[in-house]
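S.K.: just to be clear, the model below is a prediction. Sequence and coordinates:
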Amino acid sequence: MDITFDDRLSALQQISQRKLVDILVAITGKKDLIIEQKLMKPLDCFIGATVL
């Protein structure tokens, strides 16, 4: 079975989501995530707005 480019992008998105969540969980206490508006679109491509 060949791995398509879309499969690779999907895997990259899943890895990025997991790594961000792991980083946030590793930091104890309450958090407010403030993201500059210019970064939202690129982050949404890799992480997904629902995760943010």
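M.R.: Everything's here; your move.
S.K.: what comes up buried for the top helix by length along the chain?
M.R.: In the chain, with assignment by DSSP state H, the single longest helix is helix 5-26. Judged by neighbour count (16 or more other CB atoms under 10 Å), helix 5-26 contains these buried residues: 16-17, 20. For every residue, glycine as well, the C-beta is placed using N, CA and C.
S.K.: over to stretch 34-43?
M.R.: By 16+ other CB under 10 Å, the buried positions in stretch 34-43 come out as residue 43.
S.K.: how far does it sit from the chain's center?
M.R.: What separates the centre of stretch 34-43 from the centre of its chain is 12 Å, taken as CA atoms, centre = their mean, to the nearest Å.
S.K.: can I get the buried residues of helix 5-26 in JSON lines including pLDDT and distance to residue 37?
M.R.: Conversion of these to JSON lines gives the following (pLDDT from 0 to 100; distance: CB to CB, whole Å):
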{"residue": "16", "pLDDT": "89", "distance to residue 37": "20"}
{"residue": "17", "pLDDT": "90", "distance to residue 37": "21"}
{"residue": "20", "pLDDT": "88", "distance to residue 37": "18"}
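S.K.: helix/strand/coil for residue 30?
M.R.: Three-state secondary structure (criterion: DSSP: H, G, I helix; E, B strand; the rest coil) places residue 30 in coil.
S.K.: residue contacts, it?
M.R.: Residue 30 makes contact with no residue under the criterion CB atoms under 8 Å, 6 or more residues apart in numbering.
S.K.: next one, pLDDT for it please.
M.R.: For residue 30, the pLDDT comes out at 92.
S.K.: ramachandran angles for it?
M.R.: With angles defined as degrees, to the nearest 10, residue 30 sits at phi -70, psi 150.
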